[in-house]
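Asks: fold the following, please.
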Amino acid sequence: MPLYNYTAKASPDKVVRGEMYAQNTSALSDRLIGMGLHPLDIVPAEEEQGLPHRWWRRFLRAPARADLIRFTRQLATLVGAGVTVHGGLELLSKQYAQSPMGRVLEGILERVRDGQRLSEACSAWPEVFSEFYVNMIRAGEAGGMLELVLDHLADFLEKEDEVRKQIQAALAYPVLMLIIGMITVTVLLTFVVPRIVDMFQEMGQQLPLPTRMLIGVSHLVTHWWWLLLILLVGGVALGKTRLSQPAFRRRVDGWKLKLPFFGGLIVQGEITQFARTLSALLSHGVPVHRAFEVVMAACKNSVIREEFRQAGEAIRKGARIGRSLQAGKHFPDMTARMLSIAEETNQLETVLERIARSGSREIERRVAIFTRLLEPAMIILIGGIIGFIVFAMMMPIFQIDFVVQ
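Replies: So this is what the prediction gives:
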């Protein structure tokens, strides 16, 4: 089914634009009229853009994260009320018709109508639905627990959004300092240093090593900036390509876990997510082996995901959860022992929930420490760079003064 771009009047003084899938222009016109819009222009999207849809659509305004969270929660409610996925998407696509989320839902709805699963349809929009999101939906479909997974996804996205906003607020001042520092350094290297260099070269003075190093950096920034830009863009593109390869992704994820401070934060985040997900699923009567499939899908780090997969296989063979997790290298031994005891006392769900709450508090504490330390670290870094530039520029002047005396 083709995609069309449309322009329509919502009221005498308001014109709206968007895109929608339809059999043909007449069908789309009828649909727009049914939505209370007066069509002005309808053009095939591919023809108008002249480029593949998936390439150019990334430049369109992306749906707000709040809309993604709201959509996930609403779809969970509709599915839980007995509405089919197809029916739920139809209702929600009309609700979000005048927003970027509506454009996405129209595309997903058409794919579901063509026989695709919800996870397959969502995977066609990687700029909106992350790999984690798609994996969770896929696990929910396979286990027949889509409502639970959607509800849990909405909870997770809300908590993640709260943490992101806290970090953004804490980083606002350090990032501003970094930007000002970069501008200052760029101005010094581009305009100030070359003039001082010309003056010293006219005097024929032998320059000290720090000054020669500064001149080299200044020459690189002023004359070879385009090469630096190409290397930066090429490096980012190469990194994205390599990260799409499972073997390289696994290696990078392993390196992440070895990082000081951040490695522990990643492990803590994965364990917290594991405990929260498993507790929610078990409380709704989902079998442990099925719940572990969702836990694996919820895990973002491929190294830890593999450990969960191995634990899930051991559980299918009859092993206890705590004992299975102890075989992993990154799962804390104390947490695994707590789960073993909880299994024996039939308190597994309660203990998992406590582990999740404790983990959330620990993550908040670590993030707060990081943001508090970042500001003085940025001051030291920027001050050190600017201090080196000033020192390197002043050294020849000190030498001249020494010779004169």
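Asks: pull the distance from the helix ranked longest in the chain to the chain's centre.
Replies: For the chain, the helix reaching the highest residue count under DSSP state H is reported as helix 348-404. Centre-to-centre, helix 348-404 and its host chain are 23 Å apart (C-alpha atoms, centre = their mean, to the nearest Å).
Asks: average pLDDT for it?
Replies: What helix 348-404 shows for mean pLDDT is 83.
Asks: which helices and strands sit right next to it?
Replies: Helix 348-404 is packed against helix 146-187, helix 193-203, helix 209-223, helix 262-283, helix 333-344, with contacts defined by 3 or more C-beta pairs under 8 Å, 6 or more residues apart in numbering; DSSP states H and E. C-beta here means a position set from N, CA and C on the backbone, and glycine is covered the same way.
Asks: quick one, domains of this protein?
Replies: Domain assignment for the chain by automatic domain parsing gives 3-59, 171-405.
Asks: any idea which of these scores lowest on pLDDT?
Replies: For those, where the average pLDDT is lowest is domain 3-59, sitting at a mean of 66.
Asks: do I have it right that I385 meets M182?
Replies: No: in this structure, I385 is not within contact of M182 by C-beta atoms under 8 Å, at 9.3 Å.
Asks: pick out the residue closest to the middle of the chain.
Replies: Centroid-nearest residue in the chain: S130, 7.4 Å away (criterion: C-alpha atoms, centre = their mean).
Asks: phi and psi next, for that one.
Replies: Here is the backbone geometry of S130 (degrees, to the nearest 10): phi -70, psi 170.
Asks: kindly report the same for V303.
Replies: Dihedral angles for V303 - degrees, to the nearest 10 - are phi -70, psi -50.
Asks: count of residues packed around it?
Replies: Residues lying near V303 (other C-beta atoms under 10 Å) number 22.
Asks: show the pLDDT at R61.
Replies: 59.
Asks: returning to that earlier point: export the helices and strands packed on helix 348-404 to a markdown table and append columns for mean neighbour count.
Replies: Output for these, formatted as a markdown table (neighbours: other C-beta atoms under 10 Å):
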| stretch | mean neighbour count |
| --- | --- |
| helix 146-187 | 16 |
| helix 193-203 | 14 |
| helix 209-223 | 15 |
| helix 262-283 | 20 |
| helix 333-344 | 16 |
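Asks: export those helices to a markdown table and tack on distance to D67?
Replies: Formatted as a markdown table, the helices and strands packed on helix 348-404 follow (distance: least, C-beta to C-beta, whole Å):
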| stretch | distance to D67 |
| --- | --- |
| helix 146-187 | 11 |
| helix 193-203 | 48 |
| helix 209-223 | 42 |
| helix 262-283 | 23 |
| helix 333-344 | 36 |
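Asks: quick check: M213 touching M393?
Replies: No: M213 lies out of contact with M393 (C-beta under 8 Å); the separation is 11.7 Å.
Asks: coming back round to it: so what sits against both of I385 and M182?
Replies: Residues touching both I385 and M182 (C-beta atoms under 8 Å, 6 or more residues apart in numbering): none.
Asks: quick one: secondary structure of the residue nearest to G36 when sequence neighbours are not counted?
Replies: Distance criterion C-beta to C-beta, 6 or more residues apart in numbering; nearest residue to G36, sequence neighbours excluded, is A10 at 7.3 Å. The three-state assignment at A10 reads strand, by DSSP: H, G, I helix; E, B strand; the rest coil.
Asks: contacting residues for A10?
Replies: Here A10 is in contact with 16, 36-37, 98 (C-beta under 8 Å, 6+ apart).
Asks: which of these has the most neighbours?
Replies: L37 (22 neighbours).
Asks: give the contact list for it.
Replies: Going by C-beta under 8 Å, 6+ apart, L37 touches 8-10, 16.
Asks: re the thing from before, distance of the residue nearest to the centre of the chain relative to Q95?
Replies: 23 Å (C-beta to C-beta, to the nearest Å).
Asks: again with L153
Replies: 19 Å.
Asks: then L188?
Replies: Taking C-beta to C-beta, one finds L188 at 54 Å from Q95.
Asks: the more surrounded of the two?
Replies: L188 (19 against 14).
Asks: skipping adjacent residues, who's closest to that one in space?
Replies: I389 is the one closest to L188 (C-beta to C-beta, 6+ apart), at 5.3 Å.
Asks: that neighbour: neighbouring residues, count only.
Replies: 20.
Asks: before we move on, what about the one 5 residues further on?
Replies: Taking other C-beta under 10 Å as the neighbour definition, M394 ends up with a count of 13.
Asks: how close does it sit to D13?
Replies: 64 Å.
Asks: try G36
Replies: On the measure of C-beta to C-beta, G36 and D13 end up 15 Å apart.
Asks: same check on K165?
Replies: 35 Å.
Asks: what packs against whatever helix or strand T241 lives in?
Replies: Taking DSSP states H and E as the definition, T241 sits inside helix 225-243. Applying 3+ C-beta pairs under 8 Å, 6+ apart, one finds that helix 225-243 contacts helix 246-258.
Asks: list the buried residues in the helix it packs on.
Replies: Under the neighbour-count criterion of 16 or more other C-beta atoms under 10 Å, helix 246-258 has 253, 256-257 buried.
Asks: and of those residues, the nearest to M145?
Replies: D253 (27.0 Å; C-beta to C-beta).
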